[in-house]
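Q: missing the sequence, but the structure's below:
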């Protein structure tokens, strides 16, 4: 496989895991956007306390989310990570997923997985014009690869109001974001893009972009592929020079006619296979070392997506 992507190690990211947890697991769930620190929970098997992982002295938070419909005996809980980075950030994320499973956390069709990235950590500046140009490029390539993004979930995430596809209106708005002179005007157009599969609403207020495309999961390999995809697309957007149309061109459409084909197109686009890139963009540490394991899971999910949605109109 291609060498690791050393530059991807510097990208800051955060993960939100929408779940439902047993009512008696000992985790206190705070209000929306005002979560409680997660320190310990009760093992679903033994009832013994299990300490939650942390990263760089900072802990995850547990908060309510009205979009989650919990089963009887469970309560909705969105776990929000601290800002993560590098090999250790990935490792602590995977440890937290194992901890959540240990206390009996589950997901269902109302749950999502959101991954947020810090733009400055990717492009090295928070200059508004540079941020706007980068965000527009990322919007384009996310649209081109929508089939592989939705496909790797294996679910109907494209039908969810909170993670809809990026329409032509987003393409027009991102062009305005790039061309507007005043920062307030740029921020206004970014907010008007809404909260679809990629959310640009906090681009200028917080300097972040949020990927909302993924379905809720506590599966290690699914989460690794989701994170690797996000980091890889973020790195690839830095190198894009000519955007072209917001919609896919004929060659892209041909290579993404099914989710499985789109997945292989994504891997080639990011240099995870083939010979077009000198490094595997977005892959480092566990994301690089375990690629052969989690790629199998992603392929299986794409096959499931193709079976469930033979004509998703993406």
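A: Great, that's in hand. Computed from a prediction, not measured in an experiment: that's the story for all the values here.
Q: Residue 36 pairs with what?
A: Counting by DSSP bridges, residue 36 is bridged to residue 62.
Q: who are the neighbours in contact with it?
A: Residues near residue 36 by CB atoms under 8 Å, 6 or more residues apart in numbering: 27, 28, 29, 30, 61, 62, 63. For every residue, glycine as well, the C-beta is placed using N, CA and C.
Q: Make JSON lines out of these and add pLDDT.
A: Listed next are the contacts of residue 36 as JSON lines, based on pLDDT from 0 to 100:
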{"residue": "27", "pLDDT": "97"}
{"residue": "28", "pLDDT": "96"}
{"residue": "29", "pLDDT": "96"}
{"residue": "30", "pLDDT": "96"}
{"residue": "61", "pLDDT": "98"}
{"residue": "62", "pLDDT": "98"}
{"residue": "63", "pLDDT": "97"}
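Q: hmm, which of the residues you listed are the buried ones?
A: 27, 29, 30, 61, 62, 63 (16 or more other CB atoms under 10 Å).
Q: Pick the one among the contacts of residue 36 closest to residue 272.
A: If you rank those by distance to residue 272 using CB to CB, residue 61 comes first, at 32.5 Å.
Q: Determine the longest strand present in this protein.
A: strand 12-22 (DSSP state E).
Q: Run through the neighbouring helices and strands of it.
A: Strand 12-22 sits against strand 74-80, strand 84-85, helix 86-102, strand 112-118, helix 220-239, with contacts defined as 3 or more CB pairs under 8 Å, 6 or more residues apart in numbering; DSSP states H and E.
Q: Swap in 6 Å and give it another go.
A: Judged by 3 or more CB pairs under 6 Å, 6 or more residues apart in numbering; DSSP states H and E, the packing partners of strand 12-22 are strand 74-80, strand 112-118.
Q: In a markdown table: the contacts of residue 36, plus distance to residue 149.
A: Listed next are those as a markdown table, based on distance: CB to CB, whole Å:
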| residue | distance to residue 149 |
| --- | --- |
| 27 | 30 |
| 28 | 34 |
| 29 | 29 |
| 30 | 30 |
| 61 | 26 |
| 62 | 27 |
| 63 | 25 |
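Q: what's across from the residue nearest the centre of the chain in the sheet?
A: By CA atoms, centre = their mean, the chain has its centre lying nearest to residue 115, at 3.5 Å. Here residue 115 sits in beta bridges with residue 15, residue 211, going by DSSP bridges.
Q: I'd like the distance between it and residue 282.
A: Counting by CB to CB, to the nearest Å, the gap from residue 115 to residue 282 is 12 Å.
Q: repeat for residue 35
A: Counting by CB to CB - residue 35 and residue 282 are separated by 28 Å.
Q: related to what we said a few turns ago, now mean pLDDT too, for the helices and strands packed on strand 12-22, in a markdown table please.
A: Shown next, in a markdown table, are the helices and strands packed on strand 12-22 (pLDDT from 0 to 100):
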| stretch | mean pLDDT |
| --- | --- |
| strand 74-80 | 98 |
| strand 112-118 | 98 |
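Q: Export the ones you listed to a markdown table and append columns for distance to residue 226.
A: Shown next, in a markdown table, are the helices and strands packed on strand 12-22 (distance: least, CB to CB, whole Å):
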| stretch | distance to residue 226 |
| --- | --- |
| strand 74-80 | 15 |
| strand 112-118 | 6 |
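Q: Can you report how many residues lie near residue 257?
A: 12 (other CB atoms under 10 Å).
Q: how about it, phi and psi?
A: phi -70, psi -20 (degrees, to the nearest 10).
Q: That one and residue 120: what is the separation?
A: 37 Å.
Q: again, but for residue 130
A: 10 Å.
Q: Kindly report the same for residue 76.
A: Distance from residue 76 to residue 120, by CB to CB: 32 Å.
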